[in-house]
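K.L.:
pasting a predicted model and its sequence here:
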Amino acid sequence: MKVIQVPNHTLNYVALIFNVRAGSSLDPPGKEGLAYATANMLQRGTARFNREQVADELDFVGTGINVSVGSEGVQLFADCATSNLPGLLDILGEVLTAPSFDEVELEKLKRQTLAEIHEMRDSDSGLAAYFFSALVHEGHRYAPPARGYESTIASITRDDVLEFYRKHYRRASFVIGLAGDLTPDAVSQVLAATVDRLPAGRPLPATPPVPPGTDGLDVLLVTKPERSQAQVAIGQKAVAGADPRFLPATVAVTGFGGTFTSVLVREIREKRGWSYGVGAALAPGRYTGTFRIRYAPKLADVAEAIPLTLDLLRQLRTDGLPAEHLDFARSYLVNQHPFSIDTPVHKLDFLMTLHLTGRPESQVRTFVDDVLSITDEQATSALSSFLQPDRSRIVVVGDASLQDVLVKLPGIARFRTVQFDHDGPLPTR
């Protein structure tokens, strides 16, 4: 168990974050969505309170519990006035240590989760992100969506949820963040009321690496009728947060596609007008990361936009970026950093992210100097060391007519197509 604190006594306010390594990558095959169901069942009834009573108790102390589930972990967030902390701890302790996992509530949650999946399909950009993750992580436990598949949600039982909870909600798996008006005694009270009541457990082993996948371009067309625009996602597996290349590569990616003046934005948006929204970013995890470019051209522009993007990536890998773009990227990152630590909660969130992705927590203080010390050569070398444009994973959400364009991409090794409401792992061919 790890505890991270950001004390601040200027406001009558406290915030609590509980992150537990019980994410969707731990879902058993055929039970995808189990981690999501378990986390979201925590506040749907406890040993003392039913779902409505839990909501009433939280409302009484002026808060709620926000739950988010990713592949690597689950996070619960709650905040309140300092004077209401005892009441919050009373109900939060119940939620974390004595959930009832009521059968009726589980069935309601499963129906709600199915509705969320259907709602996600209304968003073309959401579909592109969903299928891009599935394609980049294909063959790995990170590939399935956190909510699970329609076909697996139905199979999740109360016994499954109870077993998952008993196995993974252990003190050793928790990282706890505390911010605001908290004395040392109050911190002890938080721990005593919550995680100290759980069994100790053992830290989980490292997640195995994502397999390399197919040589050449791997292209997935997600067909959705009556589209005038396509959503395009291009990228690949990248370095983990703990990798020393991550921060230098972040400078390079920011200069390439992370600002309105970056190379990618200039070529796609300004010069050619193919897409208003365009960008590139690195997303670090603890054991792996992703590099993704996204934009939304008209269907008629897809045939030119993707090859140009791949050419820009090849040029980036071999030649790097002009010094002025890297200078601007460093300045941009430095100027944005204060917004990451301008409040106790923001600073706590930044520290939690550093810890969970394996980066030194001292970077909350050294970030500016670290970024400014990165040379052009270090930024270019870091990105070039893992960037493989000719092995890009490409997802296009759009009309089925795009197949004729995509199968002709030079260097394509595999082409597949699925409908936008495809359920389950990607087809192998």
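P.N.:
That came through fine.
K.L.:
C-alpha only now, for contacts and for neighbours.
P.N.:
Will do.
K.L.:
so the chain: which segments form each domain?
P.N.:
Structural domains annotated on the chain: 2-197, 217-419, as defined by automatic domain parsing.
K.L.:
and the strands in the chain?
P.N.:
Using DSSP state E, the strands found in the chain span residues 2-7, 14-20, 66-69, 74-80, 174-180, 217-223, 231-238, 278-284, 289-295, 393-398, 412-419.
K.L.:
before we move on, the earlier item: any chance of the domains of the chain in a markdown table, plus distance to Val210, mean neighbour count and mean pLDDT?
P.N.:
Listed next are the domains of the chain as a markdown table, based on distance: least, CA to CA, whole Å; neighbours: other CA atoms under 10 Å; pLDDT from 0 to 100:
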| stretch | distance to Val210 | mean neighbour count | mean pLDDT |
| --- | --- | --- | --- |
| domain 2-197 | 6 | 19 | 97 |
| domain 217-419 | 7 | 19 | 97 |
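K.L.:
would TSV of these with distance to Pro427 be doable?
P.N.:
Formatted as TSV, the domains of the chain follow (distance: least, CA to CA, whole Å):
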stretch	distance to Pro427
domain 2-197	10
domain 217-419	8
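K.L.:
Ala206 is nearest to which of those domains?
P.N.:
Ala206 sits nearest to domain 217-419 of all the domains of the chain, at 7.4 Å, using CA to CA.
K.L.:
so can I have JSON lines of the strands of the chain showing distance to Gln336?
P.N.:
Output for the strands of the chain, formatted as JSON lines (distance: least, CA to CA, whole Å):
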{"stretch": "strand 2-7", "distance to Gln336": "20"}
{"stretch": "strand 14-20", "distance to Gln336": "23"}
{"stretch": "strand 66-69", "distance to Gln336": "25"}
{"stretch": "strand 74-80", "distance to Gln336": "24"}
{"stretch": "strand 174-180", "distance to Gln336": "21"}
{"stretch": "strand 217-223", "distance to Gln336": "34"}
{"stretch": "strand 231-238", "distance to Gln336": "23"}
{"stretch": "strand 278-284", "distance to Gln336": "15"}
{"stretch": "strand 289-295", "distance to Gln336": "20"}
{"stretch": "strand 393-398", "distance to Gln336": "30"}
{"stretch": "strand 412-419", "distance to Gln336": "38"}
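K.L.:
ends of stretch 141-152, what's the gap?
P.N.:
The first and last residues of stretch 141-152 sit 15 Å apart, counting by CA to CA, to the nearest Å.
K.L.:
next: stretch 41-50.
P.N.:
Span of stretch 41-50 from end to end, CA to CA: 11 Å.
K.L.:
also stretch 276-289?
P.N.:
The first and final residues of stretch 276-289 sit 26 Å from each other (CA to CA).
K.L.:
for Phe328, find the nearest of the strands of the chain.
P.N.:
Proximity to Phe328 (CA to CA) singles out strand 278-284 among these, at 15.4 Å.
K.L.:
spatially central residue in this structure, please.
P.N.:
The residue lying closest to the centre of the chain (CA atoms, centre = their mean) is Gly70, at 6.0 Å.
K.L.:
what number of residues lie near Pro427?
P.N.:
Close neighbours of Pro427, defined as other CA atoms under 10 Å, add up to 9.
K.L.:
one more: Thr214?
P.N.:
A count of nearby residues for Thr214, using other CA under 10 Å, gives 12.
K.L.:
hang on, the earlier thing: and the residue nearest to the centre of the chain, its phi and psi?
P.N.:
Main-chain torsions, Gly70, degrees, to the nearest 10: phi -120, psi -170.
K.L.:
that one contacts Gly23, correct?
P.N.:
Yes - counting by CA atoms under 8 Å, Gly70 sits close enough to Gly23 to count as a contact (5.5 Å).
K.L.:
mutual contacts of those two, please.
P.N.:
Common contact partners of Gly70 and Gly23 (CA atoms under 8 Å, 6 or more residues apart in numbering): Ala146.
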